[in-house]
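Visitor: I need the structure of the sequence given here:
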Amino acid sequence: MADLKFQRNIGIAAHIDAGKTTTTERILRYTGMIHRIGEVHDGASTTDWMEQEKERGITITAAAVSCQWNFPTVRGTVTADTKKYSFNIIDTPGHVDFTVEVERSMRVLDGLIALFSAVDGVEPQSETVWRQANRYKVPRIGFVNKMDRSGADFLMVVQQIKDMLAAKAVPLQLPIGAEDDFKGVVDLIRMKGIVWHMETEGMTFDEIPVPEDMQEEAEFWRQNLIEAVAEYDDKLLEKFFDDPTTISEDEVHEAIRKACIDLSIVPMMCGSSFKNKGVQTALDAVCRYLPSPLDIDAIMGTDPDTGETISRQPSAKEPFAALAFKIMTDPFVGRLAFFRCYSGHLDAGSYVRNVRSGKNERISRIMKMFANKQNPIDFIEAGDIAAAVGFKEIKTGDTLCDEDHLITLENMFIPEPVISVAVEPKTQADVDRMGMAIAKLVEEDPTLRVRTDEDTGQTILSGMGELHLEIIVDRMRREFKVEVNQGNPQVAYKEAFHNTITHREILKKQTGGRGKFADIQFDFGPADAEWLEANPKEHFQFVNDLFGGSIPREFVPAIEKGFKTSMGTGVLAGYPVDNMKVRVFDGSFHQVDSDAMSFELCAKGGFREAGRKAKPVLLEPIMKVEVVTPDQYMGDVTGDLNRRRGMMEGMDSRANLQVIKAKVPLSEMFGYVTQLRSMSSGRATSTMEFSHYNPAPNNIAEEVIAKSKGKVKIED
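Guide: Predicted coordinates:
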């Protein structure tokens, strides 16, 4: 049985192009898992294994790798005190279109290395991944990368983390030099400098005294560090006030570890992954400060039969409990279910209960993943991450557990898609293949939704952005050999109701023999704000205020179902309804002609009639846009955003560039990246992520409604 004290399950997350995959590649090199560093720009990195990732130089899917790190070592030499730490590392995408890959990784990780660019600081997706880490209470250390780049400023990034992320960022190091002169770091705990050797790919280093010109600054930041962590240890606080020189290194490390796991501070380090500097000290920090599975609270779940809260300790002796967080299709082994084992022991070839389906699943093989390569293992125990093969029906978010000790673990948050595209198979031979391909892709990607347009018969794919859908269609062509015609991207509008009205709906049909009769009276309108706040994942508020037997109790679920299913097709333009409240308070029934189907049909008719009277409005998705541009293009960029109905939110400068923040409707942002490049001679960059839904202006709403009533087929 492995000692869980030396297990670390960590992720690497950041804004796009901050150096996540480059850092992961160095970790694999220093831990001996690879013998040659592959660069992202060459399409040769270990964790970017998909063809689309190699071509574009971006991470699309989260990749899991395992490795081991000897810690502590003295100048790289293993001693009697050295322990072998086991790491499960997940390299996550930085592009907002693939944010669910970060979301589901955060759900199962114990710690995080949050990467920041020393030049760009806290960027939009940095904020997104930080919020995701907060949602799942993931302890993290900060690593400021790209210290070798022009404009690099470590302390500026530390200050931005404090201001923009409301985090207590505490430097553990200071850079020696910056930009082209970046040589190494000053360790503020040991008060020694570390300078890496370029000729050994950073595998070796020299320890040097703190440079004289940095002595005063190093003393200041060391005091700042001691003050920040002293409150976690009363003895440390006493020593700090009496004689700070008596504080030992071990005491400081222990206090930092407590504060980090407590989410009270974020230890900050710096380096340059591309230039092979600083990654080893970051690995040491992972061992020292980030939690093992034993340091995390017991996983909480509910009993699926009674609904009571139960817990599982991270021990192999507890009943088995695991969460499936990702499904992947491999051309050689078939479907893989990545899962985090929270408690218990599972042997390959044994059975587990899938709580969602209520069925037992045989896990024929268990694999340790190394990007897209599988290494079979005989068993898995609490605290580890692996992939299962041979199951029949496991989906993202399913709880797998011992059939005699059932538990349902909390699922993960899945964001709603904001953009759609219509696809049609090119030939008859592509029809069946397309259905199979889409089924597999939807199983892998919970943010990909599929539906059939009732008017045109087209298949509509909905996703998180243009790039997301572009990758999906490209994967259909390459992996599943399906040729499709593709329509222009369409915005995922929604509908809502402005007013609350009272309505009576009567269904009366007599066609000879038994007829259909239902009568319901209800209030109909937007959901209560308090209810929405308490139920952020719900969209339908149903209140049963029936009394006196006006409608039998057994028909109430049918009424609820009728209203709920109707929400998928709004009354204005057929878009889903964002939120709605129905309060049923009266009605009547017929002893012979009334049944559940009658009341469901009556509710559907009531939705259409009441919906027209409740002042329906069209909602459009609004995106948070950030543009980084040189000064001379600022006027053109802001003018263009204004033309796109953008609302300016602020401007600031970053490393001699202007940063423009705005909220812009998604419908105005198609093709924006190309337009921005042309406007700025390729020097400006932009990022975009979903913000919220807003009512569309009347002229836009009228245009969208008119289009929805005259849909056309895709031209080949």
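
Visitor: for the protein, which spans come out with low pLDDT?
Guide: 1-2, 40-44, 74-76, 454-456, 512-513, 655, 709-716 (pLDDT under 70).

Visitor: secondary structure element holding the most centrally placed residue in it?
Guide: Central residue of the chain (CA atoms, centre = their mean): Glu103, 2.3 Å from the mean position. Applying DSSP states H and E as the criterion places Glu103 in helix 99-108.

Visitor: follow-up on the earlier one: surely the residue nearest to the centre of the chain and Thr396 touch.
Guide: No - the criterion here is CB atoms under 8 Å, and Glu103 misses it with Thr396 at 10.4 Å. Placement of C-beta: from N, CA and C, glycine included.

Visitor: common neighbours of those two, please.
Guide: Common neighbours of Glu103 and Thr396 (criterion: CB atoms under 8 Å, 6 or more residues apart in numbering): Met412.

Visitor: where does the residue nearest to His197 when sequence neighbours are not counted fall, phi/psi-wise?
Guide: Residue nearest to His197 in three dimensions, not counting chain neighbours: Thr204, with 4.8 Å by CB to CB, 6 or more residues apart in numbering. When read as degrees, to the nearest 10, the backbone of Thr204 gives phi -120, psi 160.

Visitor: count the residues that sit near Thr204.
Guide: Neighbour count of Thr204, defined by other CB atoms under 10 Å: 12.

Visitor: verify the stated contact: it with Met198.
Guide: No - Thr204 lies out of contact with Met198 (CB under 8 Å); the separation is 10.1 Å.

Visitor: and the next helix or strand after the helix holding Glu103 with helix 99-108, angle?
Guide: Following helix 99-108 in sequence order, the next helix or strand is strand 111-117 (DSSP H and E). Strand 111-117 runs at 140 degrees relative to helix 99-108, counting by axes from the mean of the first three to the mean of the last three CA atoms, to 10 degrees.

Visitor: which strands or helices does strand 111-117 pack on?
Guide: For strand 111-117, the helices and strands in contact under the criterion 3 or more CB pairs under 8 Å, 6 or more residues apart in numbering; DSSP states H and E are strand 7-13, helix 20-30, helix 124-135, strand 140-145, helix 154-165, helix 279-289.

Visitor: and those as a markdown table, adding distance to Asp593 and mean neighbour count?
Guide: Formatted as a markdown table, the helices and strands packed on strand 111-117 follow (distance: least, CB to CB, whole Å; neighbours: other CB atoms under 10 Å):
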| stretch | distance to Asp593 | mean neighbour count |
| --- | --- | --- |
| strand 7-13 | 59 | 25 |
| helix 20-30 | 64 | 25 |
| helix 124-135 | 50 | 20 |
| strand 140-145 | 63 | 27 |
| helix 154-165 | 62 | 18 |
| helix 279-289 | 69 | 22 |
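
Visitor: of all those, which lies closest to Asp578?
Guide: With CB to CB as the measure, helix 124-135 is the member of the helices and strands packed on strand 111-117 nearest Asp578 (21.6 Å).

Visitor: contacts for stretch 214-231 next, please.
Guide: 168, 170-172, 174, 176, 186, 188-189, 191, 210, 236-237, 240, 244, 247, 252, 255-256, 258-259, 265.
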